[in-house]
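>>> With the sequence up front, the predicted model follows.
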Amino acid sequence: MAIVLPLLYIAAIIAIPERIVDQQQKQNQAAPLPRILISANSSLCIVYVRSDASGTNLQLEIMLKKPLTEPEALVYLTPQSVADKVLIGKLNSTGVYRFALKSGLELKNSKVEFFNPLSNSVFHSITL
């Protein structure tokens, strides 16, 4: 017994898995479009609205500066009227997220909202 317990302790330390990096999320990221049309900054994130050279394709880029305090976050774009709230995507942790936007959205004075579906509340909002 005096020999088995230390050996099990060493085996348990060796069996601890290394930190797993989510490579799938990094591979699925779209390349950033070249032109920045709108930018906004807050304590939690930096938001850019990007477009291609022709201005036909739009992209919302969110750079999280620090980890989210909520367990789950959905990103909504809210134009002038609240009835037009558009689901953009989901955030997981710190990093850069890029989402394609539909053409024809009114982006000036729109809000980007981070919504927690578990508590059914908006926990962060930034105006473009």
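Perfect, thanks for sending it.

>>> ranges for the strands of the chain?
Under the criterion DSSP state E, strands of the chain are mapped to 35-41, 45-51, 58-64, 73-78, 86-91, 95-101, 111-116, 121-127.

>>> Please tabulate these in TSV and include distance to I3, mean pLDDT and mean neighbour count as additional columns.
The way it works is simple: take the backbone N, C-alpha and C, and place the C-beta from them, glycine included. Shown next, in TSV, are the strands of the chain (distance: least, Cβ to Cβ, whole Å; pLDDT from 0 to 100; neighbours: other Cβ atoms under 10 Å):
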stretch	distance to I3	mean pLDDT	mean neighbour count
strand 35-41	60	91	14
strand 45-51	54	93	20
strand 58-64	49	92	20
strand 73-78	50	91	19
strand 86-91	50	89	14
strand 95-101	47	89	16
strand 111-116	52	92	19
strand 121-127	54	91	14
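
>>> so A30 touches A100, yeah?
Yes: contact criterion Cβ atoms under 8 Å: A30 and A100 qualify, at 7.0 Å.

>>> which residues are in contact with both of the two?
Q59 (Cβ atoms under 8 Å, 6 or more residues apart in numbering).

>>> about what we covered before: quick one: which of the strands of the chain is nearest I13?
I13 lies closest to strand 95-101 among the strands of the chain, at 30.2 Å (Cβ to Cβ).

>>> And the contacts of the closest one?
Residues outside strand 95-101 that contact it (Cβ under 8 Å, 6+ apart) are 25, 29-30, 32, 49, 57-64, 75, 77, 88-89, 91, 107.
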